[in-house]
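Engineer: Output the structure for:
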Amino acid sequence: MSNVETQPVERTVCDGPPPVPGEPDTELLEPREVPLGGPRGMLVRRSLPHRDRRMVGAWCFADSYGPEHIAGEAGMQVPPHPHTGLQTVSWLLEGEVLHQDSLGSRRTVRPGELNLMTAGAGIAHSEQSPPGHPDVLHGVQLWVALPERDRDGPAHFEHHAGLPAVREAAGTVTVLMGELAGAVSPARACTPLVGAEVALNGTGPLRLPLEPGFEHAVLALSGAPAADGHPVPPGAMLHLGRGRRELTLSAEEPARLMLLGGVPFDEPLVMWWNFVARSHEEIVEARAAWEAEREGDGDGGRFGAVTGYEGPALPAPQLPGVELRARPRYRARRPADG
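Structural biologist: Coordinates of the predicted model:
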């Protein structure tokens, strides 16, 4: 699931990492609700980019959704749309989503499996609840910004049906990307980072080692988890400053969450709609290329066509009337902010 807003507000440029002393130790980022596909579309909870913090390591986008009861309904229906300069990370707690892309990939992702798409210079894909889908849909969509050396490279798709897991008395940790507690994911990562799902069973605290050079965040997906004693409501994200070597997760009842982290992304980036770039001009160029292909006037070389999807591709929104300007990775808190 991607950003199909007709008036996207993530018109931001993120600068490099600020010094550690200027960062808050913990910061709760409340999500905003976004309808996918128009006012009647499925609602998602968007935690990143947030007005107070736009990235966690290279993680630059986080939507969580569900549990949504879609029995007898179409469920998720996201038409073909473009991406540049990022990786999409699709992870489900319940349900099924069919991915199709312009490389010819066709793969249904199910709970416990990972769909990872690397856009590089450009790719197009669609995401749908397949015919005969389960009654409930619950999951998360994440983006990872690609560094300069990879962002104009070839597009790539990979599916991982089996991922390494660490099982403790208090719960299970499944590593989607990177390394955590000795478990290493086979998924391709282009910067030092970690992404893991933690399933707490509510019997006691779960302690995880952290890489002190990373910044981390906890994204609550279900239940009422707490991170180092800080409650995290479903869909909200608790940002954790650098320098931590351990994290204690707890819940009185079963709960699930994502742990995200990474080295602070040290390259300026512009993110608008489904494009991650480095300048306003690159965004303009990518949008023009997509619209030309969508209308049949382009050479089809940058994004390509998604075969197997019945229906038109998604038109790009209009660009804002002003040039995209730089803003910092996070909003400095005033003394009154606490």
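
Engineer: going forward, measure contacts and count neighbours with C-alpha atoms only.
Structural biologist: OK.

Engineer: Not counting residues beside it along the chain, what's closest to residue 207?
Structural biologist: residue 248 (4.4 Å; C-alpha to C-alpha, 6 or more residues apart in numbering).

Engineer: Report how many residues lie close to residue 132.
Structural biologist: Look at residue 132: counted by other C-alpha atoms under 10 Å, it has 10 neighbours.

Engineer: Can you read off the backbone torsions of it?
Structural biologist: The phi/psi pair for residue 132 (degrees, to the nearest 10) reads phi 70, psi 30.

Engineer: do you know how far it is from residue 43?
Structural biologist: Distance, residue 132 to residue 43, using C-alpha to C-alpha, to the nearest Å: 21 Å.

Engineer: same check, this time on residue 256
Structural biologist: Relative to residue 43, and taking C-alpha to C-alpha, residue 256 is found at 20 Å.

Engineer: cool, and residue 230?
Structural biologist: Residue 230 sits 26 Å away from residue 43, going by C-alpha to C-alpha.

Engineer: Of those two, which one has the most company?
Structural biologist: Counting neighbours by other C-alpha under 10 Å for residue 230 and for residue 43 shows that residue 43 has the greater number, 19 against 14.

Engineer: What are the neighbouring residues in contact with that one?
Structural biologist: With contacts taken as C-alpha atoms under 8 Å, 6 or more residues apart in numbering, residue 43 has the following neighbours: 33-36, 65.

Engineer: Neighbour-wise, which one of these leads?
Structural biologist: residue 65 (22 neighbours).

Engineer: For it, pull up the helix or strand it's in.
Structural biologist: Residue 65 is part of strand 59-69, with elements assigned from DSSP states H and E.

Engineer: Using CSV, write down the CA coordinates of that strand.
Structural biologist: Output of strand 59-69 as CSV, limited to C-alpha atoms (Å, rounded to 0.1, in the frame of the first residue of the first chain):
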residue,chain,number,x,y,z
TRP,A,59,12.9,4.8,7.3
CYS,A,60,11.0,7.7,5.8
PHE,A,61,7.3,6.5,5.6
ALA,A,62,5.1,4.4,7.9
ASP,A,63,1.5,3.5,7.4
SER,A,64,-0.4,1.0,9.6
TYR,A,65,-3.9,-0.2,8.9
GLY,A,66,-6.6,-2.5,10.3
PRO,A,67,-7.7,-4.7,11.6
GLU,A,68,-10.2,-3.9,8.8
HIS,A,69,-13.1,-6.3,8.3
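
Engineer: next helix or strand past that strand?
Structural biologist: Strand 59-69 is succeeded, C-terminally, by strand 77-83 (DSSP H and E).

Engineer: which non-adjacent residue is nearest residue 114?
Structural biologist: residue 160 (5.1 Å).

Engineer: my read: that neighbour touches residue 113, true?
Structural biologist: Yes. Contact criterion C-alpha atoms under 8 Å: residue 160 and residue 113 qualify, at 5.7 Å.

Engineer: Comparing the two, which residue is more hemmed in?
Structural biologist: Neighbour count, other C-alpha under 10 Å: between residue 160 and residue 113, residue 113 has more, with 18 against 15.

Engineer: quick one, helices of the protein?
Structural biologist: With DSSP state H as the criterion, the chain has helices at 148-151, 280-294.

Engineer: Now do the first one: distance to the chain's middle.
Structural biologist: Meaning helix 148-151. Relative to the chain's own centre, helix 148-151 is displaced by 18 Å; criterion: C-alpha atoms, centre = their mean, to the nearest Å.

Engineer: which residues sit in contact with the residue nearest to residue 114?
Structural biologist: 113-115, 186-187.

Engineer: Kindly provide the distance from it to residue 256.
Structural biologist: 20 Å.

Engineer: same check, this time on residue 95
Structural biologist: As for residue 95, its distance to residue 256 is 16 Å (criterion: C-alpha to C-alpha).

Engineer: Tell me who's in contact with the nearest residue to residue 29 once chain neighbours are set aside.
Structural biologist: Spatial nearest neighbour of residue 29, chain neighbours left out: residue 237 (5.0 Å); criterion: C-alpha to C-alpha, 6+ apart. By C-alpha under 8 Å, 6+ apart, residue 237 lies in contact with 28-31, 47, 217-220.
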